[in-house]
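K.L.:
Sequence plus predicted model, see below.
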Amino acid sequence: MKRQTNYVALFGNAGSSAYAANAYSHCQSNSNFDPEKASGYSSAFNLLRSNLRMYQLIRPLLFRLDPERAHHVTLTLLAWAGATPPMRAALRRLFAIDDAKLAVDAFGVRFKNRVGLAAGYDKNAAAVTGLSALGFGHLELGTVTRLPQAGNPKPRVHRVPTAQAIINQMGFPNAGVDALRLPPRSTLMFDVRMGVNIGKGRDTPLERATEDYCALFQRVYQRADYVAINVSSPNTLNLRQLQARAAMVKLLGAVTALRNRSTPRVPLLVKIAPDLSESELDDVLDAVGQAGIDGVIATNTTTSRAGVPPAQQGLAGGLSGAPLRARATEVVRYLARRSEGRLPIIGVGGIMTADDALERLDAGATLIQLYTGLVYRGPGLVREALAALCKRA
Ligand SMILES: Cc1cc2nc3c(=O)[nH]c(=O)nc-3n(C[C@H](O)[C@H](O)[C@H](O)COP(=O)(O)O)c2cc1C
């Protein structure tokens, strides 16, 4: 039987209109808006983009490499481009669309647009400027843990091209929070916002997880626009148990109490799995409402293998990409409905096209994030999504 929790009472009304799921008003007022003109593209760049379709040329080369190696190469190139003024200017002209009409407020933060980078892509904040030049409104950096850790043995990332999917079993490899290269806000380029995703260390027992999250929060909150509490990776043993009601109330209560004593006040979000039942999602909403968490990131990768060819179903880890799309949308829709549109939701999972992006926003997300879509479609996907948002007037 469904509980009759009053989510409106839990989340309140104050300022909620800014979070409304259907808030496309920025673009709606401008039905003649032309994203091509607004982005300042010269015809030479249009020619380059449409005729060469750069990523279609680059992708076969990248796909010849082991997926993790290809990712490393991409991130290294992006870090280099970000540090090289003509290169970052070129990336910006090719991929970004800047228009004030794309801006949106979520959990008290102004974002220049709704499209962000999902956690796990830049775990150590190595390529912040290069990634910003691609046009993202925000980057979620991490997952970072308290201590450096190597993650699971390789190979631990597998492409499933026939399904436009990835199965990864990374296990939070990262250089540790002390090595996180978060740039000071004053040096950030292109008005990008930075979220930091924090996770329990592999060797931290579950009953001491709260200590990890509190210590991590304290280390990052001054430089972050929001902090994401990751309790949903399938690749850290038992981590997902932190999504159980009692564990979540305890964890979220402790971190929000710490946040409430900290200045500036940084929004706290929690990232959840797509594999939760409706009753478990209700538990999450209860815990989020009780603790005063500002929003939910839905979703992480799934343990389901639906949509994966039989030969690859045995690969261990979390599945992302196209097969996750329907379930991730369903979770967003459920959370939005149960919270009556008052809970800010970042929608992530299987967004591979501009239509997928619009669908996720229609389901109730205020912001969206990309990961696997970038691997299969390249950075043009950011631009495609932004252009669709502009056109939808
Ligand atoms: C290789 C890889 C590594 C990831 N690492 C993290 C991580 O460290 N922390 C996290 O919260 N999510 C991580 N994710 C999950 C993504 O942030 C995202 O939630 C998920 O992939 C679904 O989105 P997508 O279908 O667009 O990829 C990772 C995903 C992939 C494919």
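P.N.:
Here it is on my side, so go on.
K.L.:
tally of neighbours for the residue of the stretch 101-250 of the chain found nearest the ligand?
P.N.:
In the stretch 101-250 of the chain, the residue that lies nearest the ligand is residue 120 (2.0 Å; CB to the nearest ligand atom). Placement of C-beta: from N, CA and C, glycine included. Residue neighbour count, defined by other CB atoms under 10 Å, stands at 24 for residue 120.
K.L.:
Likewise for the one 3 residues further on?
P.N.:
Look at residue 123: counted by other CB under 10 Å, it has 21 neighbours.
K.L.:
Is it in a helix, a strand, or coil?
P.N.:
coil (DSSP: H, G, I helix; E, B strand; the rest coil).
K.L.:
what residues are up against the residue nearest to it when sequence neighbours are not counted?
P.N.:
Setting aside the residues directly before and after it, residue 123 is nearest to residue 174 in space (CB to CB, 6 or more residues apart in numbering), at 4.5 Å. Listed by CB atoms under 8 Å, 6 or more residues apart in numbering, the contact set of residue 174 reads 123, 124, 142, 143, 144, 145, 148, 149, 151, 180.
K.L.:
can you pull the pLDDT of the residue of the stretch 101-250 of the chain closest to the ligand?
P.N.:
Looking at residue 120, its pLDDT reads 98.
K.L.:
surely residue 142 meets residue 194?
P.N.:
No: the pair residue 142 / residue 194 is not scored as a contact, 10.2 Å apart, by CB atoms under 8 Å.
K.L.:
Angles on the backbone of the residue nearest to residue 123, please.
P.N.:
Phi and psi for residue 174, reported as degrees, to the nearest 10, are phi -170, psi 160.
K.L.:
Show me which residues of the chain sit near the ligand.
P.N.:
Contact residues (CB under 6 Å from any ligand atom) of the chain with the ligand: 118-120, 123, 143, 157, 166, 168, 170, 172, 197, 230, 233, 271, 300-301, 320-321, 324, 348-351, 370-373.
K.L.:
In helices, which of those residues fall?
P.N.:
Mapping those onto helices (DSSP state H) picks out 372, 373.
K.L.:
out of the residues of the chain next to the ligand, which are inside strands?
P.N.:
143, 157, 166, 168, 197, 230, 271, 320, 321, 348, 370 (DSSP state E).
K.L.:
Out of those residues, give me the one that has the most neighbours.
P.N.:
Result: residue 348 is most packed of those (other CB under 10 Å), 31 neighbours.
K.L.:
nearest residue to it other than its sequence neighbours?
P.N.:
Nearest one to residue 348, counting by CB to CB, 6+ apart, is residue 369 at 3.9 Å.
K.L.:
List the contacts of the one you found.
P.N.:
For residue 369, counting by CB under 8 Å, 6+ apart, the contacting residues are 115, 116, 117, 118, 119, 140, 297, 346, 347, 348, 351.
K.L.:
Show the low-confidence segments of the stretch 251-393 of the chain, by residue range.
P.N.:
Scanning the stretch 251-393 of the chain for pLDDT under 70 picks out the ranges 393.
K.L.:
Now do the strands in it.
P.N.:
268-272, 295-298, 318-321, 345-348, 367-370 (DSSP state E, counting those that start in this stretch).
K.L.:
Now these in a markdown table, please, with extra columns for distance to residue 262.
P.N.:
Formatted as a markdown table, the strands of the stretch 251-393 of the chain follow (distance: least, CB to CB, whole Å):
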| stretch | distance to residue 262 |
| --- | --- |
| strand 268-272 | 10 |
| strand 295-298 | 18 |
| strand 318-321 | 31 |
| strand 345-348 | 22 |
| strand 367-370 | 23 |
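K.L.:
Which of these has the highest mean neighbour count?
P.N.:
Highest mean neighbour count among these (mean count of other CB atoms under 10 Å): strand 345-348, with a mean of 30.
K.L.:
which secondary structure elements does that strand contact?
P.N.:
strand 295-298, helix 325-338, helix 354-363, strand 367-370 (3 or more CB pairs under 8 Å, 6 or more residues apart in numbering; DSSP states H and E).
K.L.:
Tell me which of the ones you listed is the most buried.
P.N.:
strand 295-298 (a mean of 28).
K.L.:
Could you name the helices and strands sitting against it?
P.N.:
Looks like strand 295-298 contacts strand 268-272, helix 325-338, strand 345-348 (3+ CB pairs under 8 Å, 6+ apart).
K.L.:
how big is the angle separating the stretch of helix or strand residue 212 belongs to from strand 268-272?
P.N.:
In the assignment (DSSP states H and E), residue 212 maps to helix 209-220. Between helix 209-220 and strand 268-272, the angle comes out at 130 degrees (axes from the mean of the first three to the mean of the last three CA atoms, to 10 degrees).
K.L.:
Spit out the contact partners of residue 309.
P.N.:
Residue 309 neighbours (CB under 8 Å, 6+ apart): 160, 162, 163.
K.L.:
Nearest to residue 212 among those?
P.N.:
For the contacts of residue 309, the residue nearest residue 212 by CB to CB is residue 160; the value is 32.0 Å.
K.L.:
Quick check, the closest one in contact with residue 310.
P.N.:
No: the criterion here is CB under 8 Å, and residue 160 misses it with residue 310 at 11.4 Å.
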